[in-house]
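> Got a sequence here, can you build the structure:
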Amino acid sequence: IEVLFGNSVIASNNDWTEGTVVSQVNTVSPIVGAFPLNDNSRDAALVLQLNPGAYTVQVRGAAGTSGTVLVEIYDADL
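Down below sits the predicted model:
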């Protein structure tokens, strides 16, 4: 998953269990009513604070694969 502002990628993720994303997702998900992700899943997830504007979300399968995707966006005024 990539989030773009214009032509610039401002954030990306391929596995929500890598880096600081885990604590961010686990903290924010229950507040906004998002379903929990399994600890061993390879779901992509991001928690971002964005300025007003138009953004694009792009999703691709790993290694050029295809499939079905569910994209959810929540407004969490924390």
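
> ok, R42 touching D15?
Yes: in this structure, R42 is within contact of D15 by Cβ atoms under 8 Å, at 5.1 Å. All C-beta spots, glycine's among them, are computed from the backbone N, C-alpha and C.

> Could you tell me which ranges of this structure sit under the pLDDT cut-off?
Residue ranges of the chain with pLDDT under 70: 78.

> residue boundaries of the helices in it?
Here the chain has its helices, by DSSP state H, at 21-32.

> Which residue ranges of it form strands?
Per DSSP state E, the chain carries strands over the ranges 2-5, 8-12, 56-58.

> Using CSV, lay out these together with mean neighbour count and distance to V32.
Formatted as CSV, the strands of the chain follow (neighbours: other Cβ atoms under 10 Å; distance: least, Cβ to Cβ, whole Å):
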stretch, mean neighbour count, distance to V32
strand 2-5, 16, 17
strand 8-12, 12, 17
strand 56-58, 12, 17
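
> I'd like these written out as a markdown table, with distance to T20 added.
As requested, the strands of the chain are arranged in a markdown table below (distance: least, Cβ to Cβ, whole Å):
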| stretch | distance to T20 |
| --- | --- |
| strand 2-5 | 16 |
| strand 8-12 | 12 |
| strand 56-58 | 20 |
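
> For V47, which of those is the nearest?
strand 8-12 (9.3 Å; Cβ to Cβ).

> Could you check the angle the closest one makes with helix 21-32?
90 degrees (axes from the mean of the first three to the mean of the last three Cα atoms, to 10 degrees).

> Neighbouring strands - and their directions - for strand 8-12?
strand 2-5 (antiparallel) (DSSP bridges).
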